[in-house]
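Novice: generate a structure from the sequence data that follows.
(chains A and B)
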Amino acid sequence: MTTLHDLAVLNGRVVGANGVTEGGVLVCGGRIAAIGRFDVPEGIERIDARGALIAPGLIDVGAFAIDLPAFVAGGITRAVLMPDQAQALDTVALVQRAAAAGKPDVWVHPLAAATRALAGQELAEIGLMGQAGACGIATGRGWIGSTGLMYRLLGYAGALGLRTVTHAEDSALAGHAVMTDGETATRLGLSSAPVEVEALAVARDLLLVEATVAPVHFRQVTTARALDLVRAAKARGLPVSCGITPAHLFLADHAVTGFRTFARLSPPLRDEADRRACLAAVADGTIDLICSGHDPHGAEAKRLPFADAEPGMAGAETLLALSLSLVRDGVIGIERLFAMLAGTPARLFNLPGGAIAEGAEADLILVDPDAPWRIESDALAASAGNTPFDGLPVQGRVLRTIKGGKVVR
Amino acid sequence: MSMSLSPPENSRDVHPFPHRHLLGIAGLQPHEILFLLDEAEQWVTLNRGTAKHDDGLAGLTLINAFFENSTRTLLSFEIAGKRLGADVVNMAVAQSSVKKGETLIDTAITLNAMHADMICIRHEASGAVQLIADKVDCPVLNAGDGRHEHPTQALLDALTIRRRKGRIAGLTVAICGDVLHSRVARSNILALTALGAEVRVVAPPTLLPAAIERMGVTRFTDFDAGLDGADVVMMLRLQRERMEGGFVPSPREYHALFGLTPERLAKAAPDALVMHPGPMNRGIEIASSVADDLSRSAITEQVEMGVAVRMACLDVLTRARRGVAGW
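Specialist: Numbers count the residues shown, from 1 in each chain, chains lettered A, B, ... in the order given. Model prediction:
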């Protein structure tokens, strides 16, 4: 690092692994030097938190775009980037360029493309990309249909210590479906697939994890049946983890009524029963982390007939506010929430940060968990405002984003 | 469904059709559907006369923007517009700049800039017509979007049934065939259930959409059971390409299991009416002897009612623009 930062954040409530404590955080040389009560060195920059939460900077697993204004506004200090870029991240040079793209304000940790051009045919140079800074590998937006290739991929990546991020949708059954089977898809006349597409994919990949003992992360698991499989696999001690976005926790498939393309997502929204199962899986720990799925698309990709529109949502700035409602609704506690948004992602992908601990990188956010605001598509800092939550009143604002001791917001 | 067939109480101030567009049957109240059927009756009479002309829409420009190939529906809309005196322009996809990569929204804005007074749109994508309607200043009529809706087909079918059977409420209507891919089926289910009919859908499971019973219909996968006692048998067209996707094995097997033959029709009510939105695949979903039996088949009458219903829709949707009193 070329610049080192000293800073004292005072009068806050520090979110630690074991609870929230009154006090502050002292940053020296970009690292956390003291937590709680401490003597503030002379001449150091001070920030009065005025009772706000001092929490670890968020680590967003599986963002599709490097969108710095959105990350900074959303309190995301590290983004684990999907390889689905304009050019798939399938070479060392592309990985290195992506890894440098956000510094110093946001650190981007690329996932290497598991297969060349993400075509699902041949292995990409994942070992070299791992050495070049990829924090894991990913199958991209799609599922690898060839079971043989997936088996070899997991074995190979596992031996290198790289976690494989996979998309859980059996494409042979899903076909060109843009919705989950159900009343909404039927009324709108949109092609849909049985909800089992996800469990089929998860079941296969879990068997391959058992065979290879390679760590796998399902980017999103959104159905009761597939969550049951993950729950059982974890109970057997398999190295699996999974994530979810707020969209699948707070919206069901009827959100697309009126052909709302902002709610066209991949995987598609599920029914109300599955949504509740997702909440239960957050509560019982089956779901490891919450991610934004940040995938900004402008009008040219979204102002189209529903099936022709690109799937995906702009989620970076709404991740924390939406997730905070899990705490308000009593689904999880505040410590667990920040574990899901920062600590666990850091652990799964071997990243620095993710927790407020002495000696750790000073990636911090100041949060007013109660501040009310309204999500407005046009007012987002993201490169596009395609949020399915447009118009929703929420609570919880990121007041400051601090990366490596430097205030970036 | 608790909707009433008659307009609400104190209906003197209730607008008979308070909609700018006709994008689907969804969203229409039963009395609004009946209003359109009632309006269509006068055009049936006019169309059967020698001077089939009215000047009600004189000076208005009607654009038929058909992004999907169609002969019959396009012709029906063109005749409807011309009989009402409108200047009718047809835009077919083969000649349009859509082929050159123009987006649907840009096409809509272009049509709008030409000051169309009414646009009838057919598109292969569900929801495409609503997308255009949101961007133009004039009324838009959905002439079929993907698998979603085809409201004028449902209206003409309801009119045909009402004229032949004298009523719709209380009738049992069996909609048979490729319901999964059919916008005709969806619009008909919405209209007929709203008007009080008991609707069944009858098809192999591969051609029935998920959760279709949530639309208020009963699901049958056995053709004979589905036909049992039906007052109206509405057959749907089976596209040839369904053989490729693993939906049905062959035309021969489909005809054997789900084709409407005189023997099959005998399971329905003795005076059951046979309908088909056309174009028919004779020998696949329907036997010629059934299709051509004038005492049972209402298929040509459906075509006739189509023109009348479309005239009614064009008339009603342009009343505000024409300054008709009360609109």
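Novice: would you map the strands across the stretch 151-300 of chain A?
Specialist: Applying DSSP state E, counting those that start in this stretch to the stretch 151-300 of chain A gives strands spanning A:164-166, A:179-180, A:192-193, A:216-218, A:240-244, A:289-290.
Novice: can you tell me the closest non-neighbouring residue to B:L195?
Specialist: The shortest distance from B:L195 to any non-neighbouring residue, by CB to CB, 6 or more residues apart in numbering or on different chains, is to B:I168 (4.3 Å). Quick note: C-beta positions are derived from backbone N, CA and C, even for glycine.
Novice: give the contact list for the residue of the stretch 201-327 of chain B found nearest chain A.
Specialist: Residue nearest to chain A within the stretch 201-327 of chain B: B:A210 (3.4 Å; CB to the nearest CB). B:A210 is in contact with A:D181, A:G182, A:A185, A:T186, A:S192, A:P194, counting by CB atoms under 8 Å, 6 or more residues apart in numbering or on different chains.
Novice: which of the residues you listed sit farthest apart?
Specialist: A:T186 and A:P194 (12.8 Å; CB to CB).
Novice: looking at the two, which has the bigger crowd around it?
Specialist: Set A:T186 next to A:P194 and count neighbours by other CB atoms under 10 Å in any protein chain shown: A:T186 wins out with 24 against 16.
Novice: picking that back up, now narrow the contacts of B:A210 to whatever sits close to chain B.
Specialist: When contact is defined as CB under 8 Å from any CB of the partner chain, the contacts of B:A210 meet chain B at A:D181, A:G182, A:A185, A:T186, A:S192, A:P194.
Novice: picking that back up, between the strands of the stretch 151-300 of chain A, which one is closest to A:E22.
Specialist: Among the strands of the stretch 151-300 of chain A, strand A:289-290 comes nearest to A:E22, with 26.3 Å by CB to CB.
Novice: and the contacts of the closest one?
Specialist: Contacts for strand A:289-290 (CB under 8 Å, 6+ apart): A:61, A:241-246, A:249, A:282, A:319, A:323, A:337, A:340-341, A:344-345, A:348.
Novice: stretch A:297-309 too?
Specialist: Contact with stretch A:297-309 is made by A:176, A:178, A:188, A:190-191, A:256, A:259, A:261-262, A:264, A:310, A:312, A:314, A:383-384, A:386, B:103-105, B:123, B:125-128, B:131, B:146, as judged by CB under 8 Å, 6+ apart.
Novice: now that stretch: buried residues?
Specialist: A:H297, A:A301, A:K302, A:R303, A:L304, A:P305, A:F306, A:A307, A:D308, A:A309 (16 or more other CB atoms under 10 Å in any protein chain shown).
Novice: same question for stretch B:232-244.
Specialist: For stretch B:232-244, burial by neighbour count (16+ other CB under 10 Å) applies to B:V232, B:V233, B:M234, B:M235, B:L236, B:R237, B:L238, B:R242.
Novice: before we move on, what about stretch B:65-81?
Specialist: B:65-68, B:70, B:73-74, B:76-81.
Novice: which one of these sits closest to B:H115?
Specialist: When the buried residues of stretch B:65-81 are ranked by distance to B:H115 (CB to CB), B:A65 comes first, at 14.4 Å.
Novice: for the chain, what helix or strand is lowest in average pLDDT?
Specialist: Defaulting to chain A. Every helix and strand in chain A was compared by mean pLDDT, DSSP states H and E; the lowest is helix A:299-302, with a mean of 92.
Novice: oops, chain B please
Specialist: None of the helices or strands of chain B scores lower by mean pLDDT, DSSP H and E than helix B:104-113, at a mean of 89.
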